[in-house]
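J.: Fold the following.
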Amino acid sequence: MITEDEALAHILESVKPLGSRRVPLAQARERFSARDIFAGVALPVFDNSAMDGYAIVASSCEAGKSQRVIGEQPAGLDRRLRIGPGEALRIFTGAPLPAGADAVVMQEDVRREGAEIFINTKVEPGEFIRRRGSDLSEGQKILGAGERIRPQTLALLASQGLAEIEVGGEARTAIISTGDELVAPGGSLGPGQIYESNSTLLQALCEKWGASVAAVEHSDDEAQSIEAALRRGLENDILIIVGGVSVGARDLVKPALNAVGAQTDLWRVSVKPGKPFLFGRAGKCAIFGLPGNPVSAFVTFLLFVRPAILRLMGAGADELPLRKYDVQLAEDLQNPGDRPHYVRGRVVQGKFTVVGRQESHALYGLSRAKALLRVAPGETLSSGATVSALALD
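T.: Residues are numbered from 1 along each chain as shown. This next block holds a predicted model:
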């Protein structure tokens with residue numbers, strides 16, 4: 001068996017980012033920029049008012065002295081107005097600042113009488129003015145290659161007049177579940193059968209992390225059926241096979257992969273749950289064989305498949321790890337085994353509590369989990385200790 005770090009390093013070395021594509025901004029959310037982007041438009045674009053009020057010359061605003069209102073500048077087209085000492089211009093939030101003005105006084109701090117205003121507060125130069133380029137200057141880097149494009153990033157890109165953006169490629173994925181004991185949801189269970197849930201889980205995970213799922217199919221434990229499904233699946237960038245990758249007499253995936261010309265690079269990783277994990281390649285397709293127990297499939301997907309999907313999509317190195325955050329243990333935890341154990345739990349008010357049974361088949365506990373906690377082989381963690389958890393949401 002190899003370690004988690006060794007397995008992940010090999011996987012990431014084996015998969016290369018796909019070619020980039022241009023998409024409308026509305027389709028770029030949660031994708032990754034394919035290149036560095038620099039500002040072509042300063043923000044603000046021009047000096048403007050931060051408040052509804054009056055544009056004035058601060059040095060002429062003595063207490064009790066009136067200012068003559070000579071016009072109005074609403075937000076919108078710049079009227080190219082100018083004021084001098086002793087003059088004021090009615091102005092609104094976001095409106096261009098008139099030439100000669102060096103401050104804005106809020107309307108709440110002014111008493112207006114006809115065409116004159118009386119200011120009842122001290123005014124300093126620069127007050128309530130948004131200066132051109134104070135937020136963003138031309139040439140400033142606004143997005144780096146490999147960075148995730150978040151909703152607020154989209155707003156910044158739109159402020160530059162961009163209608164589309166170049167992002168990383170779309171990772172097309174196929175999912176194959178195996179096993180005679182499995183019945184599709186909606187069917188009728190026979191003796192010894194269970195409903196097949198892994199493909200539902202894996203499709204949701206793939207789509208959550210940005211991959212497109214091109215095909216989902218199930219194969220019985222029959223060599224020719226599995227081989228045919230594999231050939232179809234290998235037409236994609238990623239093929240995920242769940243079940244049948246162990247060493248039992250009915251575990252037919254490894255021989256089937258050999259039969260279709262796939263190369264198996266690694267098998268069995270020192271992790272709990274999830275030891276019978278497989279990674280290989282066939283042409284441009286990265287192949288992942290996940291254990292049939294749902295918790296094992298979930299954990300190995302997060303540890304190994306998710307980073308590969310993100311790398312194919314052009315994500316930078318900082319985007320690949322799951323987010324970590326500090327939590328306090330609500331109970332003692334111990335791992336007497338020889339593999340790191342990813343414990344499922346929930347976090348309430350900063351405290352991590354184990355949730356549900358921790359066996360690899362236990363779906364209910366997994367469904368309630370909000371975080372994973374890695375407990376090293378032979379490690380004992382005491383209640384009250386501060387540790388790092390991996391966020392699932």
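
J.: residues making contact with stretch 155-163?
T.: 24-25, 28, 37, 39-41, 43, 136, 142-143, 149, 165 (CB atoms under 8 Å, 6 or more residues apart in numbering). All C-beta atoms are positioned from the backbone trio N, CA, C, and that covers glycine.

J.: give me that answer again for 7 Å
T.: Applying CB atoms under 7 Å, 6 or more residues apart in numbering, the external contacts of stretch 155-163 come out as 24-25, 39-41, 43, 142, 165.

J.: what about the one residue sitting closest to the centre of the chain, which helix or strand?
T.: Of all residues in the chain, the one closest to the mean position by CA atoms, centre = their mean is residue 30, 5.5 Å from it. Using DSSP states H and E, residue 30 sits within no helix or strand.

J.: need the helices for the stretch 251-393 of the chain, in chain order.
T.: Remark: helices assigned in the stretch 251-393 of the chain by DSSP state H, counting those that start in this stretch are 253-259, 294-300, 306-312, 363-368.

J.: so how far is the shortest one off the chain centroid?
T.: Spelled out, that is helix 363-368. How far helix 363-368 lies from its chain's middle: 23 Å, per CA atoms, centre = their mean, to the nearest Å.

J.: Okay, and the beta partners of the closest residue to residue 153 other than its chain neighbours?
T.: For residue 153, ignoring the flanking residues on the chain, the nearest one in space by CB to CB, 6 or more residues apart in numbering is residue 143 at 6.4 Å. Assessed by DSSP bridges, residue 143 has beta-bridge partners residue 37.

J.: Also residue 216?
T.: Judged by DSSP bridges, the bridge partners of residue 216 are residue 175.

J.: contacting residues around it?
T.: Residue 216 sits next to 175, 199, 203 when contact means CB under 7 Å, 6+ apart.

J.: before we move on, what SS does the second one have?
T.: Okay, so that is residue 199. helix (DSSP: H, G, I helix; E, B strand; the rest coil).

J.: Redo the helices of the stretch 251-393 of the chain as JSON lines? Include mean pLDDT, mean neighbour count and distance to residue 218.
T.: As requested, the helices of the stretch 251-393 of the chain are exported to JSON lines (pLDDT from 0 to 100; neighbours: other CB atoms under 10 Å; distance: least, CB to CB, whole Å):
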{"stretch": "helix 253-259", "mean pLDDT": "90", "mean neighbour count": "19", "distance to residue 218": "13"}
{"stretch": "helix 294-300", "mean pLDDT": "96", "mean neighbour count": "25", "distance to residue 218": "14"}
{"stretch": "helix 306-312", "mean pLDDT": "98", "mean neighbour count": "24", "distance to residue 218": "22"}
{"stretch": "helix 363-368", "mean pLDDT": "93", "mean neighbour count": "14", "distance to residue 218": "18"}
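
J.: want to throw the contacts of residue 216 into JSON lines with pLDDT, distance to residue 244 and neighbour count?
T.: JSON lines is the format used below for the contacts of residue 216 (pLDDT from 0 to 100; distance: CB to CB, whole Å; neighbours: other CB atoms under 10 Å):
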{"residue": "175", "pLDDT": "97", "distance to residue 244": "13", "neighbour count": "27"}
{"residue": "199", "pLDDT": "95", "distance to residue 244": "13", "neighbour count": "21"}
{"residue": "203", "pLDDT": "97", "distance to residue 244": "18", "neighbour count": "16"}
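
J.: I'd like those laid out as JSON lines, including distance to residue 289.
T.: JSON lines is the format used below for the contacts of residue 216 (distance: CB to CB, whole Å):
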{"residue": "175", "distance to residue 289": "12"}
{"residue": "199", "distance to residue 289": "14"}
{"residue": "203", "distance to residue 289": "17"}
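
J.: any idea how this protein splits into domains?
T.: Following automatic domain parsing, the chain resolves into domains at 4-17+170-319, 21-43+135-167, 48-130, 324-391.

J.: Residue 316 is in contact with residue 147, correct?
T.: Yes: Residue 147 is within contact range of residue 316, at 6.2 Å (criterion: CB atoms under 7 Å).

J.: rewinding a little: please identify which of the contacts of residue 216 is nearest to residue 58.
T.: residue 203 (62.6 Å; CB to CB).

J.: Next, the contact list for that closest one, please.
T.: 175, 213, 216.

J.: doesn't it fall inside a strand?
T.: No: Residue 203: not assigned to a strand; according to three-state DSSP it is helix.

J.: highest average neighbour count across the domains of the chain?
T.: Highest mean neighbour count of the domains of the chain: domain 4-17+170-319, a mean of 19 (counted as mean count of other CB atoms under 10 Å).

J.: returning to that earlier point: which residues are in contact with the residue nearest to the centre of the chain?
T.: Counted by CB under 7 Å, 6+ apart, residue 30 has contacts 148-149, 210.

J.: where does the stretch 51-200 of the chain have low pLDDT?
T.: Across the stretch 51-200 of the chain, not a single residue meets the criterion (pLDDT under 70).

J.: Next, please give the residue ranges for the helices of it.
T.: Secondary structure of the stretch 51-200 of the chain (DSSP H, counting those that start in this stretch): helices located at 151-159, 198-208.

J.: all strands for the stretch 51-200 of the chain, in order.
T.: 53-56, 66-73, 87-91, 103-106, 110-113, 116-119, 129-130, 141-143, 164-167, 172-178, 182-183, 194-195 (DSSP state E, counting those that start in this stretch).

J.: Out of those, flag the one nearest residue 353.
T.: Proximity to residue 353 (CB to CB) singles out strand 194-195 among those, at 28.4 Å.

J.: what lines up beside that closest one in the sheet?
T.: In the sheet, strand 194-195 lines up against strand 182-183 (parallel) (DSSP bridges).
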